[in-house]
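> okay, predicted coordinates and the sequence, questions at the end:
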Amino acid sequence: MTREPLSAKPGGMLPTGPDRVSNSEGIQARLIAIYNRLYNYFGPRHWWPADTSFEVIVGAILTQNVAWKNVEQAIANLKAAGLLDPEAMYRATTAELEPHIRPAGYFRTKAKKLKAFVEHLWKRYNGSLTAMFSRPLAELRPEILAIYGIGPETADAILCYAGNYPIMVMDAYTRRVFSRLGFFDEKITYQGMQEFFMANLPQDQYLYNEYHALIDGLANQLCRKNRPDCSKCPLGDICPRLGVNL
């Protein structure tokens with residue numbers, strides 16, 4: 001089943017300097033065309049997979065530097081132990097969290113990160129995610145980034161997938177796919193990528209949510225770092241890597 005194609009709207013200013021990208025006309029239309037191809041190929045990705053907003057947050061922290069299947073096991077362990085709840089995690093010690101999240105790797109450090117988040121949630125919002133997510137995006141993002149162990153990718157995953165804010169998550173997969181497509185250099189910064197996408201796409205939380213998930217699906221399954229399977233790629237015929245431009 002295909003989704004009604006998105007329509008292009010006027011884009012915004014593009015990054016300059018080290019994060020300079022192609023200034024070709026119709027760049028937003030190209031991005032939307034790629035989105036529609038990926039959506040028609042993969043279908044909706046149903047990302048982030050979780051039962052609650054707090055589970056999304058825990059998953060975003062635990063998935064740092066580890067495969068998602070390992071995170072799923074850690075989350076299942078926390079759920080079975082009754083710890084996949086903001087108050088329960090707040091009252092638990094890091095030592096009590098550690099054995100449950102061991103499958104996610106770096107379990108001692110990640111236990112500290114989880115505790116740092118829930119302690120901030122309790123200190124600032126009396127444990128209420130609803131209160132936290134009522135804050136304006138421009139104020140909440142730097143606040144979350146100030147919490148121990150949370151960088152831009154984790155913060156934006158929390159904001160987009162748990163808080164439903166219109167912000168698009170970037171990662172190494174995004175850099176790989178879109179540098180290969182010729183939109184920007186492979187050394188572009190996280191901020192440069194994010195500014196590029198958000199300046200040239202409609203401000204739509206659903207679109208940012210789904211686009212990131214589709215990019216990750218493509219990079220994980222086909223546009224791999226080594227030995228990419230270009231013959232099956234829904235963008236293969238428009239990829240400069242194969243000598244063709246969109």
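Thanks, I have it.
> and this protein, split by domain according to the record?
Annotated domains of the chain cover 28-46+170-242, 53-162 [automatic domain parsing].
> those domains: lowest mean pLDDT?
Of all the domains of the chain, domain 28-46+170-242 carries the lowest average pLDDT, namely a mean of 94.
> can you redo the domains of the chain as TSV with mean neighbour count?
For glycine as for every other residue, the C-beta is placed from the backbone atoms N, C-alpha and C. As requested, the domains of the chain are arranged in TSV below (neighbours: other Cβ atoms under 10 Å):
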stretch	mean neighbour count
domain 28-46+170-242	18
domain 53-162	17
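> isn't there a strand covering Pro44?
No: counting by DSSP: H, G, I helix; E, B strand; the rest coil, Pro44 is not part of a strand but coil.
> next up, phi/psi of it, please.
Per-residue torsions, Pro44: phi -60, psi 140 (degrees, to the nearest 10).
> go ahead and confirm it touches Glu210.
Yes: here Pro44 reaches Glu210: they are 6.7 Å apart, a contact under Cβ atoms under 8 Å.
> so how far is Gly182 from Cys239?
Counting by Cβ to Cβ, to the nearest Å, the separation of Cys239 from Gly182 is 8 Å.
> what do you get for Phe42?
Phe42 is 22 Å from Gly182, by Cβ to Cβ.
> three-state assignment of the residue nearest in space to the middle of the chain?
Geometric centre of the chain, nearest residue: Val169, 3.6 Å, by Cα atoms, centre = their mean. What three-state DSSP gives for Val169 is coil.
> Glu72 too?
With three-state DSSP as the basis, Glu72 sits in helix.
> roughly how far apart are it and Pro240?
Separation of Glu72 from Pro240 (Cβ to Cβ): 36 Å.
> tell me if I'm right that Ala88 and Glu96 touch.
No: contact criterion Cβ under 8 Å: Ala88 and Glu96 do not qualify, at 9.9 Å.
> show me where the chain has its helices.
Using DSSP state H, the helices of the chain run over residues 27-42, 53-62, 68-80, 86-91, 94-101, 107-125, 129-132, 137-145, 152-157, 172-180, 190-199, 205-221.
> what lies in contact with the shortest one?
Counting contacts by Cβ atoms under 8 Å, 6 or more residues apart in numbering, the residues outside helix 129-132 that touch it are 53-54, 57, 86, 121, 124-125, 140, 162-163.
> ok, the third one next?
For helix 68-80, the external contacting residues (Cβ under 8 Å, 6+ apart) are 55, 58-59, 62-63, 84, 89, 97, 99-105.
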